[in-house]
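Undergrad: my questions concern the predicted model and sequence given below.
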Amino acid sequence: MSGLAAGIRLAMYDQRVCILEKHWTIGGLNSFYRLAGRDYDVGLHAVTNFTPKGAKRGPLARLLRQLRMKWEDLELAPQAGSAIVFPGVRLAFSNDIELLTSEIAREFPRQRDNFARLLRELLDYDDLNSENFGGSARAFVSRSIDDPLLVEMLLCPLMWYGNAREDDMDVGQFCIMFRSIFLEGFARPFKGVRLILKHLVRRYRALGGELKLRSGVKRILVDGQRAVGVELENGEQLMAKRILSSAGMVETQRLCDDVSAEQAMRAGQLSFIESISILDVQPKTLGLEETIVFYNDSSEFHWRRPERGLCDVRTGVVCSPNNYLYPEECGELADGVVRLTTIADYDRWAALDEAAYQRQKLWWYDRAIESAVRFVPDFRGHVIDTDVFTPKTIRRFTSHDNGAVYGAPEKRLDGTTHLDNLYLCGTDQGFVGIIGAIVSGISMANMHCLRDPS
């Protein structure tokens with residue numbers, strides 16, 4: 001989506017743009033497919049950074065202005081409400097920060113003033129300044145909040161939805177994710193991610209942009225300090241004045257003629273397995289009324305690649321696309337849907353032969369659901385269909401090493417690389433999620449391609 005947004009922004013100013021997509025469809029991990037007569041979204045739990053129609057500030061408002069799109073184009077419906085659940089403690093939150101504030105006052109009365117202090121500090125923090133971006137988010141939050149359990153609970157959803165580092169989080173990334181989830185919030189189009197992709201592609205093509213599917217890049221052609229073009233996997237070469245890559249920093253370096261494996265940055269380690277369960281009832285009839293539930297089975301949040309086994313089911317995310325406040329004219333989604341995400345190990349999944357791979361998908365589906373229903377109503381008796389994707393799927397559709405959903409732990413906020421005219425956009429530039437990716441593409445196009453249109 002960062003590439004589509006950058007392409008739109010450049011085509012708006014009459015630059016000749018070609019977007020190269022390796023696969024037969026667009027979207028990367030945030031895409032969709034059809035299986036056994038049903039439509040499935042891949043990746044989309046929620047669109048973060050939601051603000052109501054008419055809002056003038058925030059990433060969503062900026063996106064609409066920069067791409068000259070209407071708020072109605074995205075058809076975003078806000079969440080019904082979500083929760084963070086640790087043993088014995090449950091914090092509800094919504095798109096109104098006052099709910100989380102009141103929940104903290106109820107469960108952690110001594111932390112009420114401390115949480116207010118954290119909110120004030122977040123409002124003043126310049127997270128896009130590279131000098132401020134690094135450092136420990138745990139230490140940053142602990143300066144205001146002195147209850148370790150509340151610190152862990154606040155970090156849990158922010159790490160799940162946008163953190164490439166194991167165990168801790170960059171302060172800047174924490175601030176970005178806190179605003180996008182707690183101060184702005186979740187939403188979803190009734191028709192899912194395909195609606196967003198459709199509008200982006202239509203806008204891009206209407207402006208004269210070229211989109212090449214099944215056109216994977218084999219290598220980036222380098223001459224001195226500049227990238228001069230790309231060679232595709234079919235041998236075709238395309239020359240270009242500038243290249244924006246959404247492939248990730250490590251993966252982009254590998255494509256360059258002049259970077260050895262020893263010089264490349266460290267790849268991310270965090271990957272997921274996700275199941276999609278189709279139910280014969282709406283989830284809320286079973287008591288699952290939250291839009292998203294982030295759970296963890298101890299007082300310490302587990303956020304690292306599994307040390308043993310293919311998955312770590314101690315923590316996870318349960319999401320139901322049914323539980324958004326869709327307009328009355330939309331009605332309800334035809335099927336009840338529950339999505340469950342669990343941390344997984346890419347290397348162990350990739351080492352399986354096909355028969356073992358299929359068996360392990362079924363086995364870990366059962367183990368992950370068994371873990372999740374300790375924190376949400378048990379929906380297993382109503383499952384009529386399932387699908388599961390693993391780190392291998394993520395690797396296939398993103399090309400990220402290790403199937404790393406959020407890319408490398410080190411981000412490049414200015415989008416620059418070792419070459420003068422090769423730039424990053426998307427996850428490894430530093431903005432994650434659907435809105436973040438689109439804003440990343442816009443920002444990098446503005447910064448590196450529109451200021452100097454020569």
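TA: The structure has been received and is ready for your questions.
Undergrad: let's see the pLDDT reported for the closest residue to residue 191 other than its chain neighbours.
TA: Once flanking residues are discounted, residue 191 sits nearest to residue 75: 7.1 Å by Cβ to Cβ, 6 or more residues apart in numbering. In short, each C-beta sits where N, CA and C put it, glycine included. What the model reports as pLDDT for residue 75 is 89.
Undergrad: distance-wise, check residue 75 relative to residue 326.
TA: 9 Å (Cβ to Cβ, to the nearest Å).
Undergrad: can you check residue 285 too?
TA: Residue 285 is 16 Å from residue 326, by Cβ to Cβ.
Undergrad: when the two are compared, which one has more neighbours?
TA: More crowded of residue 285 and residue 326, by other Cβ atoms under 10 Å: residue 326, with 19 against 13.
Undergrad: the more buried one contacts residue 332, correct?
TA: Yes: at 7.5 Å, residue 326 counts as touching residue 332 under the criterion of Cβ atoms under 8 Å.
Undergrad: domains in this structure, by residue range?
TA: 2-77+191-266+406-450, 82-184, 269-398 (automatic domain parsing).
Undergrad: can you give me the pLDDT of residue 394?
TA: Looking at residue 394, its pLDDT is 88.
Undergrad: my error: substitute residue 46 in the last question.
TA: 89.
Undergrad: does it touch residue 186 like I think?
TA: Yes: at 3.8 Å, residue 46 counts as touching residue 186 under the criterion of Cβ under 8 Å.
Undergrad: now the helices for the stretch 251-400 of the chain?
TA: With helices called from DSSP state H, counting those that start in this stretch, the stretch 251-400 of the chain shows them at 346-350, 354-372, 391-398.
Undergrad: got the angle for the last one vs helix 354-372?
TA: Direction vectors for helix 391-398 and helix 354-372, defined by axes from the mean of the first three to the mean of the last three Cα atoms, to 10 degrees, enclose an angle of 100 degrees.
Undergrad: who are the contact partners of the closest residue to residue 233 other than its chain neighbours?
TA: Of all residues not flanking residue 233 in the chain, residue 216 sits nearest, at 4.3 Å (Cβ to Cβ, 6+ apart). Residues near residue 216 by Cβ atoms under 8 Å, 6 or more residues apart in numbering: 20, 22, 232, 233.
Undergrad: redo that, cut-off 10 Å
TA: If you count contacts by Cβ atoms under 10 Å, 6 or more residues apart in numbering, residue 216 has them with 20, 21, 22, 23, 230, 232, 233, 234, 247, 399.
Undergrad: mind checking how far it is from residue 444?
TA: 21 Å.
Undergrad: residue 187 now?
TA: In terms of Cβ to Cβ, residue 187 sits 24 Å off from residue 444.
Undergrad: can you pull the poorly scored residue ranges out of this structure?
TA: Scanning the chain with the threshold set as pLDDT under 70 gives 43, 125-130, 132, 258-265, 452-454.
Undergrad: any buried residues in stretch 372-382, and which?
TA: Across stretch 372-382, burial judged by 16 or more other Cβ atoms under 10 Å covers 372, 375, 376, 379, 382.
Undergrad: again, but for stretch 216-227
TA: For stretch 216-227, by 16+ other Cβ under 10 Å, it's 216, 217, 220, 221, 222, 227.
Undergrad: then stretch 342-351?
TA: Buried, per 16+ other Cβ under 10 Å, within stretch 342-351: 342, 343, 344, 345, 346, 348, 349.
Undergrad: pretty sure the second one is touching residue 312, no?
TA: Just to be clear, that refers to residue 343. Yes: using Cβ atoms under 10 Å, residue 343 is in contact with residue 312, at 4.6 Å.
Undergrad: find residues that contact each of those two.
TA: By Cβ under 10 Å, 6+ apart, the residues touching both residue 343 and residue 312 are 273, 302, 303, 304, 305, 306.
Undergrad: measure the third one to residue 157 for me?
TA: Spelled out, that is residue 303. As for residue 303, its distance to residue 157 is 11 Å (criterion: Cβ to Cβ).
Undergrad: likewise the first one?
TA: Computed with Cβ to Cβ, the distance linking residue 273 and residue 157 is 19 Å.
Undergrad: the more surrounded of the two?
TA: Neighbours were counted for residue 273 and for residue 157 using other Cβ under 10 Å; residue 273 has more, 29 against 23.
Undergrad: using the three-state scheme, assign residue 227.
TA: Following DSSP: H, G, I helix; E, B strand; the rest coil, residue 227 is assigned to strand.
Undergrad: that older thread, which neighbours do residue 75 and residue 326 have in common?
TA: Joint contacts of residue 75 and residue 326 (Cβ under 10 Å, 6+ apart) are 188, 189, 190.
Undergrad: just the residues you listed: which are in strands?
TA: 188, 189 (DSSP state E).
Undergrad: how about a markdown table for the shared contacts of residue 75 and residue 326, with neighbour count added?
TA: A markdown table is the format used below for these (neighbours: other Cβ atoms under 10 Å):
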| residue | neighbour count |
| --- | --- |
| 188 | 29 |
| 189 | 23 |
| 190 | 17 |
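Undergrad: which among the shared contacts of residue 75 and residue 326 gets closest to residue 16?
TA: residue 189 (30.9 Å; Cβ to Cβ).
Undergrad: in this structure the closest one contacts residue 196, no?
TA: Yes: in this structure, residue 189 is within contact of residue 196 by Cβ under 10 Å, at 6.4 Å.
Undergrad: need the residues touching each of these two.
TA: 44, 47, 73, 74, 75, 76.
Undergrad: identify the farthest-apart pair in the residues you listed.
TA: 44 and 73 (16.5 Å).
Undergrad: for residue 320, give me its contacts.
TA: 45, 80, 277, 279, 282-284, 288-293, 333, 336-339, 376, 379.
Undergrad: list phi and psi for it.
TA: With angles defined as degrees, to the nearest 10, residue 320 sits at phi -120, psi 110.
Undergrad: and the gap between it and residue 387?
TA: Residue 320 is 16 Å from residue 387, by Cβ to Cβ.
Undergrad: which residues are in contact with the nearest residue to residue 391 once chain neighbours are set aside?
TA: Leaving aside its sequence neighbours, residue 391 sits nearest to residue 403 (Cβ to Cβ, 6+ apart; 3.3 Å). Applying Cβ under 10 Å, 6+ apart, we find residue 403 in contact with 29, 267-273, 344-347, 349-350, 389-397.
Undergrad: what do you get for residue 183?
TA: Residues in contact with residue 183, defined by Cβ under 10 Å, 6+ apart, are 49, 51, 58, 95, 96, 97, 100, 119, 122, 123.
Undergrad: out of those, who has the most neighbours?
TA: Top of the contacts of residue 183 by neighbour count (other Cβ under 10 Å): residue 49, with 27 neighbours.
Undergrad: wait, that residue sits on residue 436?
TA: Yes: counting by Cβ under 10 Å, residue 49 touches residue 436, with 7.2 Å between them.
Undergrad: how near is residue 107 to residue 402?
TA: 36 Å.
Undergrad: no further questions, thank you.
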